[in-house]
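Colleague: Here is a sequence together with a model predicted from it:
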Amino acid sequence: MMPVESIGEQINREAKLFFEEHKPPTDLIFDDGAEMESNRHRIAMTVLIRSLEQGLANRNDFFVGGNMFIYYSAKQIRNQDFRGPDFFAVLGVDSNPSRQGWVVWEENGRYPDVIVELLSPSTANQDTGKKKDIYEQVFRTPDYFVFDPFDPNSLQGWRLDATLRYQPLVPNERGWLWCETLGFWLGTWEGIVDRETATWVRFFDESGNLVLLPEEAAQQQAEAAQQQAEAAQQQAEAAQQQVEQERQRASRLEARLRELGEDPNDLTLNPNHS
């Protein structure tokens with residue numbers, strides 16, 4: 001006679017079977033060999049990543065990535081729809097930088113808080129269509145931006161409203177868009193990065209100051225140190241000039257006393273000399 005399975009044992013068995021059928025895959029692909037659209041796209045992505053890491057250097061609970069896979073569902077994996085955003089940031093998470101990609105079920109269900117897609121002729125429709133819908137309806141990413149590195153006037157942004165729908169962000173007088181999640185403006189900046197002159201999308205703090213790249217911050221510190229050294233040198237030279245002026249004045253006074261028949265040494269030794 002076969003033993004009768006208890007209700008608890010039946011539930012445990014069914015739960016194990018369900019888990020085996022639905023457990024997340026472990027053989028995820030993190031590199032499909034695809035490259036950025038252009039060298040300028042690559043630099044633009046790197047600028048966003050490295051400057052935000054610099055801007056959030058006082059925190060240890062964030063992750064910033066770019067051109068990485070984001071895995072969020074079994075259906076997505078089956079469809080081989082792997083490509084993640086060009087830039088994304090997640091706050092309030094382990095800052096471990098060694099992630100190969102962002103796997104939502106390994107991150108306590110966390111999705112990106114901020115996403116930036118770098119547009120190109122081959123991706124613009126998807127970035128403002130299908131991907132935008134995914135970021136709004138699946139990821140619920142609060143702040144989403146797009147920018148074409150070859151079009152300085154292409155910056156657009158959206159923020160989730162109370163109904164969890166994207167609403168367009170209104171630019172300020174400089175054309176910048178406020179990223180509430182990060183507490184930074186996203187705007188354009190013209191200059192040279194990695195030997196390429198272009199209009200780049202950059203972060204700015206609440207006061208409008210550019211969020212620097214590490215090398216820019218180091219150069220700024222070096223220039224400030226140089227200015228301090230030059231100021232100290234000028235102060236030393238001014239002090240030396242004052243000492244020399246005092247010496248010359250004392251020398252003239254001594255010469256004048258000798259002309260008057262007075263011995264300066266006697267005056268120094270006997271201040272009551274008359």
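Modeller: Arrived safely, thanks for sending.

Colleague: May I ask you to name the longest helix in this structure?
Modeller: Using DSSP state H to define each element, the chain has its longest helix at helix 214-259.

Colleague: Tell me which stretches of the chain form strands.
Modeller: All strands of the chain, identified by DSSP state E, fall at 62-65, 70-71, 87-91, 102-103, 114-118, 143-147, 156-160, 166-168, 177-179, 184-193, 196-204.

Colleague: Which elements pack onto the third one?
Modeller: In terms of contact count using 3 or more CB pairs under 8 Å, 6 or more residues apart in numbering; DSSP states H and E, strand 87-91 is assigned the packing partners helix 39-55, strand 62-65, strand 114-118. Heads up, the C-betas are built off the backbone N, CA and C, glycines and all.

Colleague: Adding distance to residue 222, write these out as a markdown table.
Modeller: Output for these, formatted as a markdown table (distance: least, CB to CB, whole Å):
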| stretch | distance to residue 222 |
| --- | --- |
| helix 39-55 | 16 |
| strand 62-65 | 25 |
| strand 114-118 | 30 |
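
Colleague: Out of those, which is closest to residue 134?
Modeller: Closest to residue 134 of the helices and strands packed on strand 87-91, according to CB to CB: strand 114-118, at 9.9 Å.

Colleague: and that closest one, how far out from the chain's middle?
Modeller: 13 Å (CA atoms, centre = their mean, to the nearest Å).

Colleague: rewinding a little: quick one: the longest helix of the chain to helix 39-55, angle?
Modeller: 60 degrees (axes from the mean of the first three to the mean of the last three CA atoms, to 10 degrees).

Colleague: Look up how far residue 66 lies from residue 138.
Modeller: 20 Å (CB to CB, to the nearest Å).

Colleague: more neighbours, those two?
Modeller: Per other CB atoms under 10 Å, whichever of residue 138 and residue 66 has more neighbours is residue 66, with 20 against 13.

Colleague: okay, the more buried one: pLDDT?
Modeller: Note on residue 66: pLDDT of 92.
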